[in-house]
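Student: Generate coordinates for the sequence data below:
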Amino acid sequence: MTELRIGTYRYEHTAALVDGTVAIEGVDASFETAPLVSDVFERMVRGDFDVAELGLTYFLRTFDLDVAPFLALPIFPNRNFRHSAIFVNTASGITDPRDLAGKTVGEFALYGHDPGVWVKGILADEHDVTPDRCRWVVGGTNHPIPSFGWIPQPVPAGVDVRHAEDGETLGALLETGEIDALISVDVPQSLVDGSPRIARLYPDHVAVEREYYRRTGIFPMMHVVAIRKELAADAGLVRAIYRAFAESKEITARQYREGALKQHMGVMTPWFSALFAENRRLLGEDWWPYGVGANRTAVDTFLRYHHEQGLSARLLTSEDIFVPALLGT
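Tutor: Numbering: from 1, shown residues only. Sure, this is the predicted structure:
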């Protein structure tokens, strides 16, 4: 049996792996998680895990190290539509994406966090707002975050980026108007509390995101599962890991499909069955796909955005980043 230390956040679709319901064939796996998924990322980069969930940008930045330590399995534990991740100060005059040009924009955690790469790419592609047309302040949204020193932090020439001061939060800076807008995986607490000073750029972001999917076919992924290169050469091992993650996901998907027959009475959210049916019509039976084929368009788009934003020294391809044994998935 191969012994592996595996790090992942405990999502509903990874729970069967973490609790041992699903085993990885031929592997004695020790699963570990953390309250913050970024802690899993850091531990993987520092060498604590053999296999682990990594934010896509964190993973891709390692390709510019002297020796890139990881390859990716086409498993995407975290994905989310990201038009909803843009917040504005209501006195800033920003009512259209093009209004972001010339403004000071906060960004969660680091310049080019996973939602930020997606949002900046969409703003550039569809609204001609490139990163060099804004000023950037990096930090924590609801709690101060120090600068990450465990991963490369490239900033392209011509882009104005600074870290928030000690003790500052981007949510507070947005509410006071010291920054005009914010791109963040975390929702500002003051917005949740009903502050009139903060709003989403897209009030009906669900409709915007559904239209984006209809037009592009992209359901943006944030994270991937990375494996150390010395293990990636074992085709049987990587296929076993892939199958186990897929089986764990299928257990959860099946619960949703079968739950529809009972109007999802085990779910606390009212009208959830109607939402599930609408999502299923739009996204299809496999609404959270793994594998290279079903995700190549989205992955290639992220790789292009990452390079265009100065976060990758060269334009990477799926063939560069995924383990060879799983390129046919």
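Student: Going by C-alpha atoms from here, please, whenever you check contacts or count neighbours.
Tutor: Will do.
Student: Would you mind confirming that residue 147 makes contact with residue 137?
Tutor: No: counting by C-alpha atoms under 8 Å, residue 147 does not reach residue 137; the two are 11.5 Å apart.
Student: what's the overlap in contacts for these two?
Tutor: Residues touching both residue 147 and residue 137 by C-alpha atoms under 8 Å, 6 or more residues apart in numbering: residue 163.
Student: Neighbour count: these two, which is higher?
Tutor: Higher neighbour count among residue 147 and residue 137: residue 137, with 24 against 14, using other C-alpha atoms under 10 Å.
Student: care to break this structure down by domain?
Tutor: Here the chain is described, according to automatic domain parsing, as comprising the domains 2-79+221-313, 83-216.
Student: May I see those organised as CSV, with distance to residue 328 and mean pLDDT added?
Tutor: Compiled in CSV, those are given as follows (distance: least, C-alpha to C-alpha, whole Å; pLDDT from 0 to 100):
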stretch, distance to residue 328, mean pLDDT
domain 2-79+221-313, 7, 97
domain 83-216, 22, 97
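Student: Relative to residue 84, how far out is the most centrally placed residue in the chain?
Tutor: When the chain is reduced to its mean C-alpha position, the nearest residue by C-alpha atoms, centre = their mean turns out to be residue 222, at 1.8 Å. For residue 222, the distance to residue 84 under the criterion C-alpha to C-alpha, to the nearest Å works out to 14 Å.
Student: so how far is residue 149 from residue 223?
Tutor: Distance of residue 223 to residue 149, given as C-alpha to C-alpha: 20 Å.
Student: for residue 17, that is, sorry about that
Tutor: Relative to residue 149, residue 17 is positioned 31 Å away (C-alpha to C-alpha).
Student: Look at the two and report which has more neighbours.
Tutor: Under the criterion of other C-alpha under 10 Å, the comparison of residue 17 against residue 149 puts residue 17 first, with 22 against 8.
Student: Just to check, residue 136 is in contact with residue 105?
Tutor: Yes: the pair residue 136 and residue 105 qualifies as a contact (C-alpha under 8 Å) at a distance of 5.0 Å.
Student: neighbour-wise, which of the two wins?
Tutor: For residue 136 and residue 105, the more surrounded residue by other C-alpha under 10 Å is residue 105, and the numbers stand at 25 against 22.
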